[in-house]
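Asker: return a 3D structure for these sequence lines:
(one chain, ligands or ions: 1)
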Amino acid sequence: MDAFTTDLLAWYDTHRRSLPWRDTVTPYRTWISEVMLQQTRVDTVLPYFARFMSRFPTVERLADAEQDEVMSMWSGLGYYSRARNMHAAAKAVVALGAFPTTLKGVRALPGVGEYMAGAIGSIALGLDVAAVDGNLHRVLARIHRSTTDRKGAWSLAAAHLPAGRAGDYNQALMDLGSGTCKPRRAECPRCPVSAHCAAFAAGDVHKYPVKAKKKVTPRREAVCGVLRREGRVLIVRRPAAGLYGGMYELPGILLNTGEAPDVGLRRAFSERLGLTIAPGGPLGRVQHTLTHMKLTLHILDIPTPASATPTLSHYTDARWITPTEPGDIGISTLAAKALAVAAKPEPQRMLF
Ligand code: SF4
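Answerer: Presented below is the predicted three-dimensional model:
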């Protein structure tokens, strides 16, 4: 073990963060925590992890669950394809008879990429493998004053990997990156590995890692409609594949360039539900940022009481719900914001 790793692990042994998925380690718990932690902060994940483990304490229980039950436990965490893949992976594990014990086996599960396989393999299976996320990339790029991208940081991580303690090594670097070697304010004077850090010695810590050019996030507009019947509103379930797959929302559609919200809403109801409607005034609008677009969602009232029954050519389910009590179904944060608008019938509210 080199001097850098020795100092890193000595620090980790006394300063490691106590987290529920670390305090009791099983492949199942490590896997679920890693799925939840993708793109999501630890503090946000903690209550979700506790609720999820109490509802689905074993991979068998998760595999047996209806997709709606899984999605409802995920509501608000975002990136819903993670939950769908995780559910499919749970079924795959049960079909295998046990959690895979090799890196190749873990990597073959739906939704498991190179990083996650490394994290599960090193933390829960005792394999000597690296797991490079943004934190490890940042720390190692600064330690070596390396301009490498994240892919290239795997070889830096592997070069320091201690045999038999890869899980602690990866988690130590994750903790160091999130708590000390932070993107904008690295706290070098209290860093346990500052003696080994080339960027600290050179005084140019914040030049590393070299940033990839930022892509411009396109702006799009969408519309959804509030169709009421006896105090309830119509919600629909999206097709299983694609954005928000399997989640419920108010019926609507992405607007074409220059298309007015009321025109788009008529198109949505006609094409997707076989209903002819006359949209009323705006009830409000919601701004939402996704990984690939910034979205403005217009919410329009549909004043005519619903009589015709929707046909399901696009959506996979339609049901009437009380907006404040949607029940045990998966609803994205965006759809929940729109439902909050639908729950208050006065026009022209805005949520940001
Ligand atoms: S000395 Fe500073 S830049 Fe280097 S690893 Fe520690 S916190 Fe990061």
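Asker: contact partners for the residue nearest to Thr58 when sequence neighbours are not counted?
Answerer: Nearest residue to Thr58 in three dimensions, chain neighbours excluded: Tyr28, at 6.8 Å (C-beta to C-beta, 6 or more residues apart in numbering). Where C-beta positions appear, they are placed from N, C-alpha and C, glycine not excepted. By C-beta atoms under 8 Å, 6 or more residues apart in numbering, the contact set of Tyr28 is 58-59, 99.
Asker: phi and psi next, for Arg285.
Answerer: Backbone torsions of Arg285, given as degrees, to the nearest 10, read phi -150, psi 160.
Asker: ugh, wrong one, I meant Ser155
Answerer: The phi and psi values for Ser155, taken as degrees, to the nearest 10, are phi -70, psi -30.
Asker: cool, the one 3 residues further on as well?
Answerer: In terms of degrees, to the nearest 10, the main-chain angles of Ala158 are phi -70, psi -30.
Asker: separation between the closest residue to Arg237 other than its chain neighbours and Leu8?
Answerer: Leaving aside its chain neighbours, Arg237 sits nearest to Asp317 (3.9 Å; criterion: C-beta to C-beta, 6+ apart). Counting by C-beta to C-beta, to the nearest Å, the gap from Asp317 to Leu8 is 51 Å.
Asker: close to the ligand: what parts of the chain are there?
Answerer: Contacts of the chain with the ligand, taken as C-beta under 6 Å from any ligand atom, map to 139, 142-143, 180-181, 186-188, 191, 193-194, 197, 199-200, 205.
Asker: of the residues you listed, buried ones?
Answerer: 139, 142-143, 180-181, 186, 188, 191, 193-194, 197, 199-200, 205 (16 or more other C-beta atoms under 10 Å).
Asker: quick check: the farthest pair among the residues you listed?
Answerer: Thr180 and Ala199 (13.5 Å; C-beta to C-beta).
Asker: pLDDT weak spots in the protein?
Answerer: Along the chain, the model assigns pLDDT under 70 to residues 305-306, 345-352.
Asker: that one - how does it break down into domains?
Answerer: Per automatic domain parsing, the structural domains of the chain span 3-130+151-179, 219-351.
Asker: show me how far the first one is from its chain's centre.
Answerer: I take that to be domain 3-130+151-179. 13 Å (C-alpha atoms, centre = their mean, to the nearest Å).
Asker: begin at 776 from here
Answerer: Okay, residue one is now 776; in that scheme the one you just asked about reads as domain 778-905+926-954.
Asker: span of that domain from start to end?
Answerer: 21 Å (C-alpha to C-alpha, to the nearest Å).
Asker: tell me where the stretch 876-1025 of the chain has helices.
Answerer: For the stretch 876-1025 of the chain, the helices defined by DSSP state H, counting those that start in this stretch occupy 878-882, 889-899, 909-919, 925-935, 941-954, 973-977.
Asker: so Arg1042 touches Ile1028, yeah?
Answerer: Yes. Counting by C-beta atoms under 8 Å, Ile1028 is a contact partner of Arg1042 at 6.4 Å.
Asker: which one of those two is surrounded by more residues?
Answerer: Ile1028 (20 against 15; other C-beta atoms under 10 Å).
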